[in-house]
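Novice: missing the sequence, but the structure's below:
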Ligand code: EPU
């Protein structure tokens, strides 16, 4: 099977920051049968290659000099089921939120707290997406990949092989550029195990007048909370949290907490503590700060937004200002969460 590779294609529709850059070459991978042709193409072999899902965790600062592949593999299949759980496979190009809602309507539970996260199924294991006390690694059985260095041969990684950590996995390290995620297998429950303790889920359910919530109610609550704090990329360009919540040594955290007792913090294993970067940025006075069209979101300081015509370099300069301000005030180093290219 062939694959059409186009040249000099605008990428604005393919990145949620709305950066008006172009790709030297561009193609859309719709079926796995197209993969051999893609891997043999001149554009792929010359490189560089950027695999794109929803483009929602990406800041493009310049025209991409190589091949951009939009992964549009589709399909959701029930692979196995028993009295307690189901094993479901979703192809990499499926929209994440649509898949979450579909799973809930089928009576497959567990993904409700991850509602409304932008992006695709294929991207979810790469950065181990997480929200409201759940990380996707808790629900992933295995990840089906294609070996880019072996003609696209299939390779399935078990959960442990993926080496999941906070917003991290093997796909950002050793497997980067070697494995393409083509589908993800989820182990979902048939009986609800709701997690409503985190953030304001319980409060939101109460506001909605729900006394005995089910998974769909939790999903609705998460959607309402996210809508109230996080900008909709269709209206205001952004890539979700622009920074990771920093993980620091417990003794440094103790010294910081003595100076800033209100600083939200969470245990992060073995003498490590995770801090709320949003609070650090907010309390440093940068929430709502705007330089031209590049701004720190006024309802969630962890999110940087493009009010219209900010360039990638404008966004990068703003990010550097935030990083420098937080470093100076707290001695903490913030790291960008999206891929910056
Ligand atoms: N906070 C502030 N000011 C702000 C933002 C946050 O004071 O402007 C405080 C909040 O009051 C709260 C704490 O910081 O006490 C944490 O805030 P929140 O619960 O909103 O979560 P977060 O740490 O800012 C993380 C994820 C989000 C996820 C939420 C909810 C990261 C980098 N971000 O944000 O994920 O939706 O928790 O679970 O871990 C994403 O990754 O793109 C993303 C949106």
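Specialist: Great, that's in hand. None of these values were measured; they are calculated from a predicted model.
Novice: Whichever residue of the stretch 1-150 of the chain sits closest to the ligand: how many residues sit nearby?
Specialist: Using CB to the nearest ligand atom, residue 131 is the residue of the stretch 1-150 of the chain that sits closest to the ligand, at 3.7 Å. Placement of C-beta: from N, CA and C, glycine included. Applying other CB atoms under 10 Å, we find 20 residues neighbouring residue 131.
Novice: go on, residue 153?
Specialist: Here the number of neighbours of residue 153 (other CB under 10 Å) works out to 11.
Novice: got the contact list for it?
Specialist: Residues in contact with residue 153 (CB atoms under 8 Å, 6 or more residues apart in numbering) are 146, 147.
Novice: Quick check: residues of the stretch 151-300 of the chain near the ligand?
Specialist: Remark: the part of the stretch 151-300 of the chain in contact with the ligand comprises 199, 230, 240-241, 244-245, 264, 276, 278-279, 282, 287, 300, using CB under 6 Å from any ligand atom.
Novice: picking that back up, wait, the residue of the stretch 1-150 of the chain closest to the ligand sits on residue 219?
Specialist: No. Look at residue 131 against residue 219 with CB atoms under 8 Å: they stay out of range, at 11.5 Å.
Novice: center of this protein - which residue?
Specialist: Geometric centre of the chain, nearest residue: residue 129, 5.0 Å, by CA atoms, centre = their mean.
Novice: Span of stretch 42-59 from start to end?
Specialist: End-to-end distance of stretch 42-59 (CA to CA, to the nearest Å): 26 Å.
Novice: what's the average pLDDT for that stretch?
Specialist: The average pLDDT for stretch 42-59 rounds to 96.
Novice: What of stretch 188-208?
Specialist: Mean pLDDT, stretch 188-208: 94.
Novice: give me phi/psi at the residue of the stretch 1-150 of the chain closest to the ligand?
Specialist: Residue 131 has phi and psi values of phi -170, psi 150 when expressed as degrees, to the nearest 10.
Novice: mind listing what residue 270 touches?
Specialist: Applying CB under 8 Å, 6+ apart, no residues contact residue 270.
Novice: Checking it next. Helix, strand or coil?
Specialist: Under DSSP: H, G, I helix; E, B strand; the rest coil, residue 270 falls in the coil class.
Novice: same thing with residue 68?
Specialist: strand.
Novice: ok, now which ones touch it?
Specialist: 9, 11, 14, 23, 25, 26, 27, 49, 50, 52.
Novice: Counting neighbours, what do you get for residue 200?
Specialist: 17.
Novice: So for it, what's the nearest residue that isn't a sequence neighbour?
Specialist: Of all residues not flanking residue 200 in the chain, residue 225 sits nearest, at 5.9 Å (CB to CB, 6 or more residues apart in numbering).
Novice: Can you say which helix or strand has that neighbour in it?
Specialist: Element membership of residue 225 [criterion: DSSP states H and E] is helix 215-229.
Novice: Where does residue 266 sit, in terms of helix or strand?
Specialist: Residue 266 belongs to strand 265-267, assigned by DSSP H and E.
Novice: what about residue 80, which SS state?
Specialist: Under three-state DSSP, residue 80 comes out as strand.
Novice: Name whatever forms a beta bridge with the residue lying closest to it once chain neighbours are set aside.
Specialist: In space, and not counting its chain neighbours, residue 80 is closest to residue 87: 4.3 Å by CB to CB, 6+ apart. Per DSSP bridges, the residues bridged to residue 87 are residue 80, residue 187.
Novice: shift numbering so it begins at 11
Specialist: Got it, first residue is 11 now, which makes that one residue 97.
Novice: So which elements touch the top helix by length along the chain?
Specialist: Ranked by residue count and defined by DSSP state H, the top helix of the chain is helix 322-340. Where contact means 3 or more CB pairs under 8 Å, 6 or more residues apart in numbering; DSSP states H and E, helix 322-340 is packed against strand 68-69, helix 287-293, strand 300-301, strand 304-306, strand 313-316.
Novice: any residue of the first one up close to the ligand?
Specialist: No. Interface with the ligand: strand 68-69 contributes nothing (CB under 6 Å from any ligand atom), its closest point being 11.9 Å away.
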